[in-house]
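>>> here you go, sequence then predicted model.
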Amino acid sequence: MTGHRPPRYDVAIVGAGPVGSVCALAHARGGARVALLEANNGAPRRLAGEWLHPPAVRTLRDFGLDLGSAPDSSEGKGFVVFPEDGGDPIMLPYPGSSLGLSCEHAVIVSSLHEAVANEPGIDFMPGARVREVERERLTFTRNGAVQSVTAGRTVGADGRSSVVRRSLGLSTSPKTCSLMVGILLEDVELPVDGYGHMLCGGPGPILMYPLGGNRVRVLLDVPRERWARPDRVEVMASSCGALLPEALRPSFVQALRSGEYSVAANGVKPRISYGHPGRVLVGDAAGHYHPLTGVGMTLGFGDALALAESDDFNEFARGRVQATRAPELLAIGVYEAFADRRDEAVVLRQAVYRSWRTAPAVRDRTTRLLACEDTSTVRLGFAFGLTVVRAILAVVRRSRDERAWPWARETLRSLVVRLWWLWRGFRLAYKARSAGGGGDERARRVLARALLVSMRSRTDETGFSADGSGVRAFKSE
Ligand SMILES: Cc1cc2nc3c(=O)[nH]c(=O)nc-3n(C[C@H](O)[C@H](O)[C@H](O)COP(=O)(O)OP(=O)(O)OC[C@H]3O[C@@H](n4cnc5c(N)ncnc54)[C@H](O)[C@@H]3O)c2cc1C
């Protein structure tokens with residue numbers, strides 16, 4: 001390692017996941033000399049992001065990657081929600097002619113790796129694990145040897161356990177909300193072609209989307225305590241299986257029983273800091289949320305493009321705070337409302353269903369916000385405020401019945417307390433961001449008081465038994 005000067009680059013990017021790879025392409029196309037270091041050649045095979053919202057699809061296309069033509073992908077027209085109240089499914093199509101895409105994570109990342117390997121300005125170093133980040137120097141191990149590079153700027157695109165983030169003195173321990181169990185079903189079709197499906201009414205929300213060639217990914221959100229039970233497979237097979245369309249049930253149960261599934265932890269870490277001009281965080285290293293709204297890659301690609309296009313770090317950080325605040329609030333809010341079975345969450349969820357059912361404009365706004373095409377916190381706040389008012393009115397209406405009084409009082413109290421901690425948490429997070437990252441832990445602690453992840457276990461409250469009783473069966477149109 002000693003004796004000769006380490007190679008020098010304009011930018012050294014740690015992590016060649018989807019965001020690091022896009023970041024490398026964006027910098028190289030802007031004329032920078034880039035080193036891209038990736039520790040784990042097997043990383044793309046893990047259970048991770050497969051749904052790309054329209055802006056992310058456009059980004060990939062701009063770099064010449066047309067995943068839509070890959071046999072392992074499907075176009076994403078939007079979402080369809082199957083509420084637990086037994087009512088008709090609610091369609092949430094992307095507005096206009098926008099299209100998203102679903103594609104196996106490994107295919108997304110390997111296509112990007114092919115692109116970075118062929119890009120003249122990028123030195124792609126698979127198998128290079130960065131061990132130390134100090135000033136302009138990165139020290140890494142590769143093929144058993146210790147090596148280093150220097151760069152004017154280091155970019156941490158190294159995901160949730162980011163070594164670059166740690167080098168900035170920021171915490172890398174996220175709050176784990178739940179686990180995601182992923183199953184790939186072959187030779188099956190979803191009820192609504194080209195749509196991501198969300199089924200409500202189980203122990204946690206269930207997501208399903210097509211992956212091309214009659215393959216369907218099923219993602220079960222499972223509370224951690226539930227997954228710790230010895231009879232977890234049977235419990236999931238029955239309680240979640242009962243919610244699935246009949247045609248999918250046999251292969252779903254078979255896959256679970258034969259252990260053909262992958263598990264990933266769902267963490268929450270609000271974005272507080274992007275680092276400093278010489279050491280910048282992007283993608284999951286900057287922050288991440290429960291994958292229910294599928295915004296991880298879309299926001300990460302936005303970080304990568306904004307960083308490559310900006311000459312001024314402060315301007316970049318300000319721009320990203322603006323652009324990511326609404327998707328962040330939405331990701332946290334949607335998980336809170338759709339994964340919880342406490343009364344205050346149920347009344348909120350029912351208010352959301354009512355708004356979607358009665359107002360096309362609300363459906364349209366929801367998909368714009370989900371797709372990160374609309375990043376206005378004012379519009380999101382307005383929509384959220386209306387939903388809360390609707391939820392409160394519904395509780396008040398029920399409280400006219402004297403017997404429902406104690407329930408109404410307790411539900412309203414819980415709703416107000418939770419909203420209060422949420423509001424305080426986001427205010428502190430905002431202050432911490434403005435202060436450049438200080439106060440990160442305090443904001444997290446306060447926010448956590450409103451978050452499902454830090455609340456009492458839901459296992460005893462789900463009311464689902466191993467035989468699946470209590471589960472609303474799938475209702476097709
Ligand atoms: C179950 C699940 C489902 C999801 N679904 C969606 C979805 O549908 N849509 C969506 O947009 N997002 C989704 N996400 C989130 C999405 O996967 C992430 O936001 C995305 O992968 C983040 O990309 P990244 O490049 O920032 O980080 P990562 O994908 O984590 O990549 C980081 C890379 O850095 C490498 N690395 C780490 N440490 C080092 C080191 N010291 N030296 C060198 N390299 C290092 C890792 O090996 C890895 O390749 C989901 C996540 C989960 C868990």
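Now that the structure is in, tell me what you want to look at.
>>> next up, the contacts around the closest residue to Glu119 other than its chain neighbours.
Spatial nearest neighbour of Glu119, chain neighbours left out: Ala28 (5.0 Å); criterion: C-beta to C-beta, 6 or more residues apart in numbering. The C-beta positions use only the backbone N, C-alpha and C, and glycine is treated the same way. By C-beta atoms under 8 Å, 6 or more residues apart in numbering, Ala28 lies in contact with Val34, Glu119, Pro120, Gly121, Ile122.
>>> max pairwise distance over these: which two?
Greatest spatial distance in the contacts of Ala28: Val34 and Pro120, 10.3 Å, computed using C-beta to C-beta.
>>> neighbour count winner among those two?
Set Val34 next to Pro120 and count neighbours by other C-beta atoms under 10 Å: Val34 wins out with 27 against 6.
>>> the more buried one contacts Ile122, doesn't it?
Yes. At 4.7 Å, Val34 counts as touching Ile122 under the criterion of C-beta atoms under 8 Å.
>>> find residues that contact each of those two.
Shared contacts of Val34 and Ile122 (C-beta under 8 Å, 6+ apart): Ala24, Ala28.
>>> any idea how far the residue nearest the centre of the chain lies from the ligand?
The residue lying closest to the centre of the chain (C-alpha atoms, centre = their mean) is Pro291, at 2.9 Å. Separation of Pro291 from the ligand (C-beta to the nearest ligand atom, to the nearest Å): 3 Å.
>>> show me the shaky parts of this structure.
Within the chain, the stretches with pLDDT under 70 are 1-3, 174, 425-426, 428-477.
>>> show me which residues of it are close to the ligand?
Counting by C-beta under 6 Å from any ligand atom, the positions of the chain adjacent to the ligand are 14-20, 37-40, 43, 47-51, 129-130, 157-159, 163, 180, 264, 283-284, 288, 291, 294-298, 300.
>>> ok so, going back, from Gly319, how far off is the residue nearest to Glu119?
Taking C-beta to C-beta, to the nearest Å as the measure, Ala28 falls 21 Å from Gly319.
>>> how about Gly156?
Per C-beta to C-beta, Gly156 is found 18 Å from Gly319.
>>> please identify which of the two sits among more neighbours.
Between Gly156 and Gly319, counting by other C-beta under 10 Å, Gly156 is the more crowded of the two (29 against 18).
>>> excluding its backbone neighbours, what's nearest the more buried one?
Gly156 sits nearest to Val164 (C-beta to C-beta, 6+ apart), 2.7 Å away.
>>> which SS class is that neighbour?
helix (DSSP: H, G, I helix; E, B strand; the rest coil).
>>> who's in contact with the helix or strand that contains His113?
Remark: His113 resides in helix 105-117, with elements defined by DSSP states H and E. Applying C-beta under 8 Å, 6+ apart, the contact partners of helix 105-117 are 16-18, 21-22, 24-25, 36, 43-50, 52, 60, 63-65, 67, 70, 72-73, 122, 124, 126, 297.
>>> pretty sure Leu170 is in a helix, no?
No. Applying three-state DSSP, one finds Leu170 to be coil, outside a helix.
>>> from Leu37, how far out is it?
In terms of C-beta to C-beta, Leu170 sits 20 Å off from Leu37.
>>> the two: which is more packed in?
Leu37 (25 against 20).
>>> beta partners of that one?
Per DSSP bridges, the residues bridged to Leu37 are Val14, Met125.
>>> start to end distance for stretch 226-246?
Taking C-alpha to C-alpha, to the nearest Å, stretch 226-246 runs 24 Å from one end to the other.
>>> longest helix in this structure, please.
helix 405-434 (DSSP state H).
>>> tell me what that one is packed against?
For helix 405-434, the elements it packs on are helix 313-339, helix 343-358, helix 377-398, helix 440-448, judged by 3 or more C-beta pairs under 8 Å, 6 or more residues apart in numbering; DSSP states H and E.
>>> angle of that helix against helix 313-339?
Interaxial angle of helix 405-434 relative to helix 313-339 (axes from the mean of the first three to the mean of the last three C-alpha atoms, to 10 degrees): 160 degrees.
>>> count of neighbours near Pro270?
Pro270: 28 surrounding residues under other C-beta under 10 Å.
>>> now Leu393
Residues near Leu393, counting by other C-beta under 10 Å: 12.
>>> show me where the stretch 201-350 of the chain has its helices.
224-227, 232-239, 249-257, 296-309, 313-339, 343-358 (DSSP state H, counting those that start in this stretch).
>>> and these, which is most packed in?
Among these, helix 296-309 has the highest mean neighbour count (mean count of other C-beta atoms under 10 Å), at a mean of 24.
>>> between that helix and helix 313-339, how many degrees?
Using the same axes, to 10 degrees: helix 296-309 against helix 313-339 is 170 degrees.
>>> and helix 296-309, how far out from the chain's middle?
14 Å (C-alpha atoms, centre = their mean, to the nearest Å).
>>> nearest to the ligand: which residue in the stretch 351-477 of the chain?
Cys372 (9.7 Å; C-beta to the nearest ligand atom).
>>> and that residue, what does it touch?
His53, Pro55, Val295, Thr298, Leu299, Gly302, Ala323, Pro327.
>>> what do you get if the cut-off is 10 Å, keeping everything else the same?
When the contact criterion is C-beta atoms under 10 Å, 6 or more residues apart in numbering, the partners of Cys372 are 53-56, 293, 295, 298-299, 301-302, 323-324, 326-327, 330.
>>> in three-state terms, label it for me.
Three-state call for Cys372 (three-state DSSP): coil.
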